[in-house]
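[1] this one's structure only:
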Ligand SMILES: Cc1cc2nc3c(=O)[nH]c(=O)nc-3n(C[C@H](O)[C@H](O)[C@H](O)COP(=O)(O)OP(=O)(O)OC[C@H]3O[C@@H](n4cnc5c(N)ncnc54)[C@H](O)[C@@H]3O)c2cc1C
């Protein structure tokens with residue numbers, strides 16, 4: 001089939017790679033200047049793959065999509081590896097942490113997760129010795145719980161790898177081309193009208209007015225912290241602010257993220273910087289000498305119920321609303337979108 005993809009962010013790149021591997025002819029359109037221009041939310045994400053922790057604000061469907069995606073990511077990363085591109089993917093679990101004095105608020109979150117997650121996935125309380133053995137540099141918090149099934153992916157590497165692998169397989173990327181309108185089998189850009197067997201609309205916040213999608217501002221910081229060891233993502237359960245730390249290759253620790261009901265894409269605020277970094281330092285005092293090397297702001301695409309949605313019609317599929325867990329659920333959501341698409345064979 002000759003298939004168009006409107007939007008080359010996280011979903012667009014995944015779809016393009018999957019569909020081109022299955023033998024389809026793919027054209028993808030995105031206003032970004034080139035494959036490396038970081039406009040999509042997919043670039044900014046910390047890449048936590050946290051089906052249990054996300055249950056704090058998500059439902060059992062997101063949880064199930066997350067578990068399925070945790071099975072699919074290793075296959076996708078292996079396929080990217082065959083194309084010669086490496087993507088850091090770890091499944092060493094994650095930790096929930098709380099400071100002395102914040103036990104009440106933290107326990108309420110843990111109780112909620114225990115209620116919502118199947119028994120085998122419930123948070124496991126760790127004592128001080130177990131925490132010290134797992135993460136010696138985590139020294140501030142007095143309470144810890146392990147979520148053993150969680151993972152993380154290096155989002156920047158994955159965005160680069162998916163585009164490169166798509167190109168190698170023959171995806172035609174139309175960078176710098178904004179889709180101005182789309183309908184079943186048809187897509188308009190400022191320059192012309194294009195016809196296809198099928199169109200995927202994965203424009204994230206750019207899908208308005210066709211979808212009631214909004215952007216939710218998120219700010220993150222990258223610290224360069226040579227010698228500070230962190231093996232897995234950790235989240236601080238704090239009564240006022242949530243902060244997580246995600247380790248990446250090359251001594252980088254990603255600290256995130258604010259969640260603000262605003263579509264302001266301007267640089268990170270002083271308040272977010274102070275709150276996120278103070279919380280990060282309270283978790284890992286060794287970060288005092290880390291260097292702040294990068295900050296980034298982006299918009300999470302969210303529908304009114306904050307849940308993901310697939311809309312299917314003959315000749316047109318829309319996928320949107322990945323909100324704050326796009327990397328967690330994208331492979332499984334894509335699998336569902338392709339399964340219910342009559343006649344489309346996937347790799
Ligand atoms: C700070 C932050 C932290 C996050 N952390 C995590 C995390 O740890 N774990 C996790 O699972 N998720 C996380 N996310 C969420 C995740 O990044 C998103 O859910 C995901 O990127 C959404 O994917 P998408 O493809 O729908 O949208 P995007 O990745 O935003 O891609 C949309 C694409 O559509 C293009 N587009 C827009 N308008 C048009 C148009 N008119 N024509 C053509 N193309 C168009 C855009 O240029 C963009 O490339 C985070 C997000 C943020 C902002």
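    Cool, the structure landed. None of the values given here were measured: they were computed from a predicted structure.
[2] residues from the stretch 51-200 of the chain in reach of the ligand?
    178, 179 (Cβ under 6 Å from any ligand atom). C-betas here are computed from N, CA, C, even on glycine.
[3] apart from its chain neighbours, what residue comes closest to the residue of the stretch 51-200 of the chain found nearest the ligand?
    Closest to the ligand within the stretch 51-200 of the chain is residue 179: 3.4 Å, counting by Cβ to the nearest ligand atom. In space, and not counting its chain neighbours, residue 179 is closest to residue 6: 4.2 Å by Cβ to Cβ, 6 or more residues apart in numbering.
[4] pretty sure the one you found contacts residue 182?
    Yes - the criterion here is Cβ atoms under 8 Å, and residue 6 meets it with residue 182 at 5.6 Å.
[5] common neighbours of the two, please.
    Shared contacts of residue 6 and residue 182 (Cβ atoms under 8 Å, 6 or more residues apart in numbering): 199, 201.
[6] of those two, who's got more company?
    A direct count of neighbours by other Cβ atoms under 10 Å for residue 6 and residue 182 places residue 6 higher, at 29 against 23.
[7] measure that one to residue 232 for me?
    36 Å (Cβ to Cβ, to the nearest Å).
[8] picking that back up, residues near the residue of the stretch 51-200 of the chain closest to the ligand, how many?
    23.
[9] so it touches residue 12, yeah?
    No - Residue 179 lies out of contact with residue 12 (Cβ under 8 Å); the separation is 10.8 Å.
[10] report the separation between residue 44 and the ligand.
    4 Å (Cβ to the nearest ligand atom, to the nearest Å).
[11] burial count for that residue?
    If you count neighbours by other Cβ under 10 Å, residue 44 ends up with 22.
[12] would you mind confirming that it is in contact with residue 38?
    Yes - using Cβ under 8 Å, residue 44 is in contact with residue 38, at 7.3 Å.
[13] shared neighbours of these two, which are they?
    Between them, residue 44 and residue 38 share the contacting residues residue 296, judged by Cβ under 8 Å, 6+ apart.
[14] report the contact partners of the closest residue to residue 313 other than its chain neighbours.
    In space, and not counting its chain neighbours, residue 313 is closest to residue 184: 5.8 Å by Cβ to Cβ, 6+ apart. Residue 184 sits next to 199, 313, 314, 315, 316 when contact means Cβ under 8 Å, 6+ apart.
[15] next, count neighbours for the closest residue to the ligand within the stretch 151-300 of the chain.
    Here the stretch 151-300 of the chain gets closest to the ligand at one residue, residue 206, 1.9 Å apart by Cβ to the nearest ligand atom. Counted with other Cβ under 10 Å, residues neighbouring residue 206 total 23.
[16] next, give phi and psi for whichever residue of the stretch 1-150 of the chain sits closest to the ligand.
    Relative to the ligand, the nearest point of the stretch 1-150 of the chain is residue 9 (1.7 Å; Cβ to the nearest ligand atom). In terms of degrees, to the nearest 10, the main-chain angles of residue 9 are phi -90, psi -140.
[17] so what's it closest to, chain neighbours aside?
    Of all residues not flanking residue 9 in the chain, residue 40 sits nearest, at 3.0 Å (Cβ to Cβ, 6+ apart).
[18] hmm, the one you found is touching residue 162, no?
    No - under the criterion of Cβ under 8 Å, residue 40 is not in contact with residue 162, lying 11.0 Å apart.
[19] so which residues of the stretch 51-200 of the chain form helices?
    60-82, 103-116, 128-134, 155-169 (DSSP state H, counting those that start in this stretch).
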